[in-house]
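Q: Sharing a model prediction with you, sequence too.
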Amino acid sequence: MCVDAIEPPSPRLTRRGVLAGAAALAGTVAVTGTAAAAAPDGQEATGPAPARARTGDLVIRGGTLLDPATGAVTEDAVVVIEGGTVRAAGRLGTVSVPGGVEVLDAHGRWILPGLTDAHIHLSTAAEARAAVRQGATSARSGSTSFYQDIAVRELARHSPELAPRLRAAGVFVTPDLGDTVLADPDLTPLARLAGGVRSAEALRRVVEVNLTRGADVIKTRVNERAGLPEQDPLVQVYSHEQLSEIVAAARRRGKGVLCHSYSEKGCHDAVTAGIRSLEHGAFVGERTLHEMRRRGTYFTPTLTAIAGLAEESDPVLAERGRTFLPVLKRAVLAAYELGVPLAAGTDSSGGTVDPIGREVELMRSAGLPALDALRTATTGAARLLGLERTAGRLVRGFAGDALLLDGDPLADVAVLTRPVRVVRAGIAL
């Protein structure tokens, strides 16, 4: 059942106003000047100019530099960052080092680009700071309840040391919106729907409100949740046709869709409907993996979240985690061997931010070589987010985001879970 004649999103509600409200929810501080909706990287911004971003000039000197794209290792390296962007990187003596610039001593340590968490829920400024300090200098939102992720994205643009560079998803396209109908007045008519958000018109409405409010991607689901004991994650909530409506609505505005999924049929329906990335996907089967490889669909398994279920006090969730994790690890290895692109994501939420390095560690334990496990949180995840020319490497023109580690990540990826220092846009944290 659909509501009668739902009006289009109100022109009286500006994106600027929504961002201002979301900023308050995210706990951000006011900045000088009028808040404006900044455009995604590489796109022209509209409206008043945003506050000038705080970036830094920094020289990282003396460590061992690893380039995830090529696997090249450079000892006694130097990375020169100017205005938050890498100007040069290479062996000391081959790179011109400017004088009068802050120097970060990296002797005895490994230097890596900042990592990307391709599935994280950032609803507060504190969570955003925690993600950065644990090494996630770029991220993709897995949705928030009241557009807080859009505010976090804007926070990152003017104060990059406080938040990861973020692709925001807005609110979840799900049958039961619950209190999320209060996230925007244009969603409130959906509260009248007896069957929830299921009709083509209602599905398009949530997508359109998200995109009007500035979302970079759309998040939906095909199965129930694994993290709620009263739900069965193998039960399908949207059909292939409903998922296709969501994908089509997003594509009309040039956006991709990430889809929460568990069952093989659900995964297959989501992939063939045209989603950009499959999230969780514990029981994804071989036919679907072949389809993902053919289409270039990404797999974001969120191993960290599934492993976390096994540690829950609730016996249903603990058993679910113990059962799902080995199945998911086999799916990850099968995807890797078939050539399905993989991206690392922790699915952190609810105030707990897991280190993105833990996801890389679990990718390694699933059977990926160390370098390829690392790529799921660098070059691979950056490509999924459309940041392949911005993040994932420390080469000229890329973001000045870096990690300093106490050990060789190719020998022990666990060192990624405890970075010694994090650099964000040339600012050493």
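A: Cool, the structure landed. Just so it is clear, the model here is predicted, and its values are computed rather than measured. Residues are numbered from 1 along each chain as shown.

Q: Read off the pLDDT value for Arg52.
A: pLDDT, the model's per-residue confidence, is 70 for Arg52.

Q: go on, Arg16?
A: The predicted structure scores Arg16 at 43 on the pLDDT scale.

Q: Assign Arg87 to helix, strand or coil.
A: strand (DSSP: H, G, I helix; E, B strand; the rest coil).

Q: Val59 against Ala77, yeah?
A: No - taking contact to mean Cβ atoms under 8 Å, the distance of 10.9 Å between Val59 and Ala77 leaves them out of contact. Using the backbone N, CA and C atoms, a C-beta is placed for each residue, glycine as well.

Q: could you show me where the strands are in the stretch 1-150 of the chain, in order?
A: All strands of the stretch 1-150 of the chain, identified by DSSP state E, counting those that start in this stretch, fall at 58-66, 73-82, 85-91, 102-105, 110-113, 115-120, 136-141.

Q: Direction included, what does the second one pair against?
A: Think strand 73-82. Next to strand 73-82 in the sheet, as set by DSSP bridges, lie strand 58-66 (antiparallel), strand 85-91 (antiparallel).

Q: Now do the shortest one: everything it contacts.
A: By that I understand strand 85-91. Counting by Cβ atoms under 8 Å, 6 or more residues apart in numbering, strand 85-91 makes contact with 55, 65, 74-81, 95-96, 394-400, 426, all of which sit outside it.

Q: Narrow those residues to those that are buried.
A: Buried by 16 or more other Cβ atoms under 10 Å: 55, 65, 74, 77-81, 95, 394, 398-400, 426, out of those.

Q: Out of those residues, the closest to Glu230 would be?
A: For Glu230, the closest of the buried ones among the contacts of strand 85-91 turns out to be Ala399, at 42.3 Å, with distances computed as Cβ to Cβ.

Q: Return the set of residues that bridge with Glu82.
A: According to DSSP bridges, the residues that bridge with Glu82 are Thr85.

Q: Can you tell me how far it is from Asp67?
A: Relative to Asp67, Glu82 is positioned 19 Å away (criterion: Cβ to Cβ, to the nearest Å).

Q: And for Glu208?
A: Noted for Glu208: a distance of 41 Å to Asp67, by Cβ to Cβ.

Q: next one: Thr304
A: Distance, Thr304 to Asp67, by Cβ to Cβ: 25 Å.

Q: out of the two, which sits in the busier spot?
A: For Thr304 and Asp67, the more surrounded residue by other Cβ atoms under 10 Å is Thr304, and the numbers stand at 24 against 19.

Q: helix/strand/coil for that one?
A: State at Thr304, reduced to three classes by three-state DSSP: helix.

Q: Model confidence for Gly99, exactly?
A: Looking at Gly99, its pLDDT reads 91.

Q: Return the distance of it relative to Asp57.
A: 11 Å.

Q: The two - which one has more neighbours?
A: Using other Cβ under 10 Å as the criterion, Gly99 and Asp57 rank with Asp57 on top: 17 against 5.

Q: Next, that one: phi, psi?
A: The main-chain torsion angles of Asp57 are listed as degrees, to the nearest 10 and equal phi -110, psi 130.

Q: I'd say it and Glu82 touch.
A: Yes - judged on Cβ under 8 Å, Asp57 makes contact with Glu82 at a distance of 5.2 Å.

Q: tell me, what's touching these two both at once?
A: Once Cβ under 8 Å, 6+ apart is applied, the residues that Asp57 and Glu82 both contact turn out to be Pro98, Gly426.

Q: What are the boundaries of the strands in the stretch 151-300 of the chain?
A: Per DSSP E, counting those that start in this stretch, the stretch 151-300 of the chain has strands spanning 165-167, 218-221, 257-261, 277-280, 298-300. These are given in chain order.

Q: In terms of secondary structure, what does the third one contact?
A: Going back to what we said before, that points to strand 257-261. In terms of contacts (3 or more Cβ pairs under 8 Å, 6 or more residues apart in numbering; DSSP states H and E), strand 257-261 is packed against strand 218-221, helix 240-251, helix 264-273, strand 277-280.

Q: Can you list the neighbours in contact with the second one?
A: Outside helix 240-251, the residues that touch it by Cβ under 8 Å, 6+ apart are 173, 198, 200, 203-204, 207-208, 211, 217-218, 220, 222, 238, 256-257, 259, 269-270, 272-275.

Q: Show me just the buried residues among these.
A: Restricting these to buried positions leaves 173, 198, 203-204, 207-208, 211, 217-218, 220, 222, 238, 256-257, 259, 269-270, 272-275, with burial counted as 16+ other Cβ under 10 Å.

Q: Rounded mean pLDDT for stretch 419-429, please.
A: 98.

Q: what does stretch 254-274 give?
A: Throughout stretch 254-274, pLDDT has a mean value of 98.

Q: repeat for stretch 75-92
A: 97.

Q: Using CSV, list the CA coordinates for it.
A: Coordinates of the C-alpha atoms in stretch 75-92 are reproduced here as CSV (Å, rounded to 0.1, in the frame of the first residue of the first chain):
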residue,chain,number,x,y,z
GLU,A,75,63.9,2.4,3.0
ASP,A,76,65.2,5.6,4.5
ALA,A,77,62.2,7.3,2.9
VAL,A,78,60.9,10.8,3.0
VAL,A,79,57.3,12.1,2.3
VAL,A,80,56.8,15.8,1.7
ILE,A,81,53.3,17.1,2.3
GLU,A,82,52.4,20.7,1.4
GLY,A,83,48.9,22.1,2.1
GLY,A,84,47.6,18.7,3.0
THR,A,85,48.7,17.0,-0.3
VAL,A,86,51.8,14.9,-1.1
ARG,A,87,54.3,16.9,-3.1
ALA,A,88,56.9,14.2,-3.3
ALA,A,89,57.9,10.8,-1.8
GLY,A,90,61.0,8.6,-2.2
ARG,A,91,64.4,7.8,-0.8
LEU,A,92,66.0,10.5,1.2
